[in-house]
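> got a predicted structure plus its sequence, pasted below:
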Number of protein chains: 2
Amino acid sequence: MSFQFERIALIGIGLIGSSLSHVIRKNRIARTITGYARSESTRRKAVELKLVDAVSGTAADAVKDADLVILCSPVGTYGVLAQEISATLKPGAILTDVGSVKAAVVRDVQPHVPQGVHFIPGHPIAGTEQSGPESGFAELFINRWCILTPLPEADATAVEKLAGFWKACGSNVELMTPEHHDLVLAITSHLPHLIAYNIVSTAADLEEVTDSEVIKYSAGGFRDFTRIAASDPTMWRDVFLNNKDAVLEMLGRFSEDLSALQRAIRWGDGDMLFNIFSRSREIRRNIIAAGQDTAAPDFGRSTPKPQ
Amino acid sequence: MSFQFERIALIGIGLIGSSLSHVIRKNRIARTITGYARSESTRRKAVELKLVDAVSGTAADAVKDADLVILCSPVGTYGVLAQEISATLKPGAILTDVGSVKAAVVRDVQPHVPQGVHFIPGHPIAGTEQSGPESGFAELFINRWCILTPLPEADATAVEKLAGFWKACGSNVELMTPEHHDLVLAITSHLPHLIAYNIVSTAADLEEVTDSEVIKYSAGGFRDFTRIAASDPTMWRDVFLNNKDAVLEMLGRFSEDLSALQRAIRWGDGDMLFNIFSRSREIRRNIIAAGQDTAAPDFGRSTPKPQ
C-alpha cells in the first residue's frame, strides 16, 4: 500500500497538530512528518514524543518538499505564517488549515499563496478542553465532521485529495462557503464557548457565594460549563476577533431570547417556560442518533458501566 | 446490623426517587419502602421494578407508619402534598424533600407540618438529564453534596439522623439557610440550566442555519448544552417559578458580563477577551480536585480508555 502523501508538514503542534501526527502514523497516511512550533519547548517535546520525523526552527524550512501543509496554530498567526512559507512551498502542494473561522483565514492567507499551490481552507469539528503537544490522540477525528471551504477557483482533484486525507483520519467531509461555515460555527461552537467563559467569570466575581461553594455544588450543572471554559484562551481570543459579525449576530439573538425567558420568570409565566424547556429533548435525541454524542446519562460520568 | 429506618416513604418515583430506592436497598438503609406516584403507570412501573414494597394510590396512605418521608416530585407539587399527608404522618417522623429550591419549600410545606413531626428540607446536588422510575441507579449520590436547610427550631437529633441517611447514600452533607441555598444554587445550577435551554431554543429558531447543520456540527460545544437542556421540563419550570429573585439577580449579573464581552468583541479588545478566558482553568482544576468532575478530557467521551 502506498502513502497518500510523501511528506506532511504540521505548522503548530498543539492538540490538533499532535492528534494529526498520531493518526497519520497509525493509519500510515504519510511517509514523513515535518513540524514547526513557535516555542522551543514545544519543538523539543514534539521530537521527544516522536510526533515529527524532523522539526524546524522556522515555518519556511518545515514546509520544504511537503505535499500537504497544515496550519495548526491559533488563527491569529496564519497571516504572518503564510507570508513566511510563501517562498518555500512546493509547487503542486496542498496548503490547508484547521482554524475555527474561515472567511478571515481566506482573507489572511490567500494573498500569500503562490501560483501552483492549492490553498483549501478546512476545519475539523473536533477537540477537547486540553491543549499542547501531549494532549493529542489518534481517535480525535473519528466520526466527527471536517468542513472544507474551497474557493470557487479551487482545483477539484486537490479538494478530492484533501477530503481523502480527512476520511483517512476517520472523519466525514462536507463542503460549504467560508461565510456559511462562519455562521454555522458561530451557533454550534463560538457562542457556546463565549457563554461558558462568561458564566464561569460571573460566578468567580460573586461576593455572596464563595468560590469554594461554586466548586462544591458544581454538579448541579455548572461543572459542564467549566470544561468548555477550560479551552485554550489564545485560540479562543483569535476566534472571536476573527468571526465578529456572525458571533455578534448570534449573541444578539441569544440575548433577545434570554430576555424573553427573564420576563417569563419575573411574571411567573409557567406555560411559556414549560414550552421552551420541552423543545430541547428532540434536538438532543437527534444529536445522539447522528453519532455526535454519547447516549449515556450524564455523558457516562456518574453512571455504572453496563455489564 | 439494624436498619437506620424501619420504613421510608418515597412520594414521587422519578430519577431521584428511584435512585433513592436502589441505594436504600443496596446499602440496607431501611427495612421497608413504600411509595406514591401521581400517575398509575409510574405506580405500576415502581412495583414491577421492585422499587417499593408497597405502592399507594394516595400520598396520605403511603406515609402511614413511615419514619422517614421524602418528597421526590417537582417542587410545585409540595404544598398540596404536604396538606394531603398532614393527618397521616407518624408522630416523631422526619419529613424531608429533594427539591432544587428551599425557601419556597419551607413556605409551602411548613404550615402543614403537624406538631411532633420533624420537617427538615434537603437537596442532593445530583442528577442526570434523564427522568422517570427507570432512570435511577444506586450510585447517583456517591461523592455528591447534599444540602440540608433545617429551620432554627429544628431538632438536632433529627437533623443528625437525616444527615446519617444521606451519608449512608454515599453523600457529603452540608447545612445552610434556605435563602443561602437558593442563592448558591441559582449560580451553580439554575442559571446554567436556563442558559442551556435558551441557547438550544435560539439555535432551533435560526433561519440561515438548518437544524441538521446544528446537529452535525454540535461537537464544537453545542452538544454539551443539549444534555443539560434535555432535563425534565416540569421540574425546571417549577424551579424558576420558585426561585425567582435569586435567579433574576444572577441572570442580571450574567447579562451585564456578557454585554462587556460583546463590547470587547465589537471593538476588537483581544486583551480583555484573553484575560477573561484565562481565569477559568483554575476553577476547572479545583472542581476536578474536589472530586466533582472527571479529569478525563471531553468527560472521557472521545478519548481512548487508559490501559
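Received the coordinates, thanks. Residues are numbered from 1 along each chain as shown, chains lettered A, B, ... in the order given.
> what sits closest to the one residue in the stretch 51-200 of chain A that gets nearest to chain B if chain neighbours are left out?
Closest approach between the stretch 51-200 of chain A and chain B, counting by C-beta to the nearest C-beta: A:S189, at 2.8 Å. The way it works is simple: take the backbone N, C-alpha and C, and place the C-beta from them, glycine included. Of all residues not flanking A:S189 in the chain, B:G220 sits nearest, at 2.8 Å (C-beta to C-beta, 6 or more residues apart in numbering or on different chains).
> neighbours of the one you found, how many?
27 (other C-beta atoms under 10 Å in any protein chain shown).
> which residues sit in contact with it?
A:100, A:125, A:127, A:185, A:188-190, A:192 (C-beta atoms under 8 Å, 6 or more residues apart in numbering or on different chains).
> hmm, A:I94 and A:H118 touching each other?
Yes - contact criterion C-beta atoms under 8 Å: A:H118 and A:I94 qualify, at 4.7 Å.
> between these two, point out the one with more neighbours.
A:I94 (24 against 21).
> is that one in a bridge, and if so with what?
A:I94 has these beta-bridge partners by DSSP bridges: A:L68, A:H118.
> any idea how far it is from A:I120?
A:I94 is 6 Å from A:I120, where distance means C-beta to C-beta, to the nearest Å.
> find residues that contact each of these two.
In contact with both A:I94 and A:I120: A:158, A:162, using C-beta under 8 Å, 6+ apart.
> ranges for the strands of chain A?
Ranges of strands in chain A, per DSSP state E, are A:5-11, A:30-36, A:54-56, A:68-71, A:94-97, A:118-119, A:122-124, A:145-148, A:172-175.
> for the first one, which strands pair with it and how are they oriented?
Looking at strand A:5-11 with DSSP bridges, its paired strands and their directions are strand A:30-36 (parallel), strand A:68-71 (parallel).
> which residues do A:H118 and A:I94 both contact?
Common neighbours of A:H118 and A:I94 (C-beta under 8 Å, 6+ apart) are A:A158.
> re the thing from before, highest mean neighbour count out of the strands paired with strand A:5-11?
The highest average neighbour count among these, using mean count of other C-beta atoms under 10 Å in any protein chain shown, belongs to strand A:68-71 at a mean of 26.
> for chain B, what's the nearest residue on the stretch 201-307 of chain A?
Proximity of the stretch 201-307 of chain A to chain B (C-beta to the nearest C-beta) peaks at A:G220, 2.8 Å away.
> next, count neighbours for A:R38.
14.
> so what's the backbone phi/psi at the closest residue to it other than its chain neighbours?
Leaving aside its chain neighbours, A:R38 sits nearest to A:S73 (7.2 Å; criterion: C-beta to C-beta, 6+ apart). With angles defined as degrees, to the nearest 10, A:S73 sits at phi -100, psi 170.
> likewise for A:T149?
phi -120, psi 70.
> how much space between it and B:A196?
Distance from A:T149 to B:A196, by C-beta to C-beta: 29 Å.
> just send the strands of chain A back as TSV, with mean pLDDT too.
As requested, the strands of chain A are exported to TSV (pLDDT from 0 to 100):
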stretch	mean pLDDT
strand A:5-11	98
strand A:30-36	98
strand A:54-56	98
strand A:68-71	98
strand A:94-97	98
strand A:118-119	98
strand A:122-124	98
strand A:145-148	98
strand A:172-175	98
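> in a markdown table: those, plus distance to B:R44.
Shown next, in a markdown table, are those (distance: least, C-beta to C-beta, whole Å):
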| stretch | distance to B:R44 |
| --- | --- |
| strand A:5-11 | 59 |
| strand A:30-36 | 60 |
| strand A:54-56 | 66 |
| strand A:68-71 | 58 |
| strand A:94-97 | 58 |
| strand A:118-119 | 64 |
| strand A:122-124 | 48 |
| strand A:145-148 | 43 |
| strand A:172-175 | 44 |
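> more crowded one of A:T149 and B:A196?
Using other C-beta under 10 Å, the more surrounded residue of A:T149 and B:A196 is B:A196, with 27 against 22.
> so what's the more buried one up against?
Counted by C-beta under 8 Å, 6+ apart, B:A196 has contacts A:221, A:280, B:225-226, B:228-229.
> closest to A:I11 among those residues?
B:F225 (32.3 Å; C-beta to C-beta).
> gap between the residue nearest to the closest one when sequence neighbours are not counted and A:Q115?
Leaving out its chain neighbours, the residue that sits closest to B:F225 by C-beta to C-beta, 6+ apart is B:A196, at 4.3 Å. To A:Q115, B:A196 is 49 Å away according to C-beta to C-beta.
> about what we covered before: quick check: PyMOL command selecting the buried ones in the contacts of B:G220.
Selecting only the buried entries of those in PyMOL, with 16 or more other C-beta atoms under 10 Å in any protein chain shown as the criterion:
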select buried, chain A and resi 100+125+127+185+188+189+190+192
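> which of the contacts of B:G220 fall in helices?
Using DSSP state H, the members of the contacts of B:G220 that fall within helices are A:185, A:192.
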